[in-house]
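In: Provided below for reference: sequence and predicted model.
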Amino acid sequence: MSTVEQIEAALRALPARERKRLVKTLPTLFPELSGDASWDRIIRDDRPRPALSQLLDEAEASVCEDPARLTQFRAVRGTARA
């Protein structure tokens with residue numbers, strides 16, 4: 001059994017409460033798990049993404065046509081602000 005397999009087995013054996021605590025601390029152990037690090041990786045990735053670029057261009061054009069649509073986008077995401 002490899003060290004990774006041993007660690008995985010130990011993690012599975014943890015009580016739910018300890019697993020929840022570990023989930024909260026994992027980003028400090030592995031910075032690559034933090035949301036900011038993930039977004040940084042995506043932003044710095046210079047590979048072409050035509051479908052994503054098209055989607056973002058369309059969303060930007062839509063909001064430029066009618067800025068009120070931004071409020072609609074926020075409401076869909078649950079971040080509407082009064």
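Out: Okay, I see it.
In: contacts, neighbours, all on C-alpha from now
Out: Fine.
In: quick one: the helix or strand that contains Q6 to chain centroid distance?
Out: Using DSSP states H and E, the element containing Q6 is helix 3-13. Per Cα atoms, centre = their mean, to the nearest Å, the displacement of helix 3-13 from the mean C-alpha position of its chain is 25 Å.
In: likewise stretch 53-67?
Out: That offset, for stretch 53-67, works out to 22 Å (Cα atoms, centre = their mean).
In: Need the residues that contact that stretch.
Out: If you take Cα atoms under 8 Å, 6 or more residues apart in numbering as the criterion, stretch 53-67 is touched by 69-70.
In: After the helix holding Q6, which helix or strand is next?
Out: helix 16-29.
In: Could you figure out how far that following helix is turned away from helix 3-13?
Out: Orientation check (axes from the mean of the first three to the mean of the last three Cα atoms, to 10 degrees): helix 16-29 against helix 3-13 gives 140 degrees.
In: Helix 16-29: which residues count as buried?
Out: Within helix 16-29, no residue qualifies as buried by neighbour count (16 or more other Cα atoms under 10 Å).
In: No more questions from me, cheers.
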